[in-house]
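Chemist: Predicted model and sequence below, questions to follow.
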Amino acid sequence: MYNITQVSLRQAITPDRVQGRMNATVRTIIWGTIPIGAFIGGTIGTVYGVLPAIYVGIAVSLLSGVWILSGPIRLRVQPEPVGDV
């Protein structure tokens, strides 16, 4: 559900001429952090055990949600699509 809404929003508010760059940048950021998180989670799991690693993952997930919700961006209405500007 998250992926569909965030991609649709990004595509709606980004001009057509920079869609490729925007998509590549976001994918690099999102997919680039997955191996880092896997490495950190594996290290925590190896050193402290699987259960503490899961708890750390839960805490990081909750903190990321709090960070997003406390941020300055509030979209209350769907932005109008941007044409080729």
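Modeler: Right, received. Where do you want to start?

Chemist: Spatially central residue for the protein, please.
Modeler: Taking Cα atoms, centre = their mean, the centroid of the chain lies closest to Ile30, which sits 5.7 Å from it.

Chemist: shaky segments in this protein?
Modeler: Within the chain, the set of residues satisfying pLDDT under 70 comprises 75, 83-85.

Chemist: Going along the chain, name the helices of it.
Modeler: For the chain, the helices defined by DSSP state H cover 2-13, 19-48, 50-69.

Chemist: one step back: starting from Gly45, give me the distance back to the residue nearest to the centre of the chain.
Modeler: From Ile30 over to Gly45 the distance is 22 Å, taken as Cβ to Cβ, to the nearest Å. (Each C-beta comes from the backbone N, C-alpha and C, glycine too.)

Chemist: cool, and Thr25?
Modeler: 31 Å.

Chemist: Please apply the same query to Gln6.
Modeler: Distance, Gln6 to Gly45, by Cβ to Cβ: 29 Å.

Chemist: what does Phe39 give?
Modeler: 11 Å.

Chemist: try Ile34
Modeler: Distance from Ile34 to Gly45, by Cβ to Cβ: 16 Å.

Chemist: residues in contact with the residue nearest to the centre of the chain?
Modeler: Residues near Ile30 by Cβ atoms under 8 Å, 6 or more residues apart in numbering: none.

Chemist: higher neighbour count, Gln6 and Gly45?
Modeler: Just comparing Gln6 and Gly45: by other Cβ atoms under 10 Å the higher neighbour count belongs to Gly45, 16 against 12.

Chemist: Can you give me the neighbour number for Ser8?
Modeler: Look at Ser8: counted by other Cβ under 10 Å, it has 11 neighbours.

Chemist: Tyr55 now?
Modeler: Tyr55: 13 surrounding residues under other Cβ under 10 Å.

Chemist: Please apply the same query to Arg10.
Modeler: 13.

Chemist: so it touches Ala24, yeah?
Modeler: No. Arg10 lies out of contact with Ala24 (Cβ atoms under 8 Å); the separation is 11.8 Å.

Chemist: how much space is there between Ala24 and Gln11?
Modeler: From Ala24 to Gln11 the distance is 13 Å (Cβ to Cβ).
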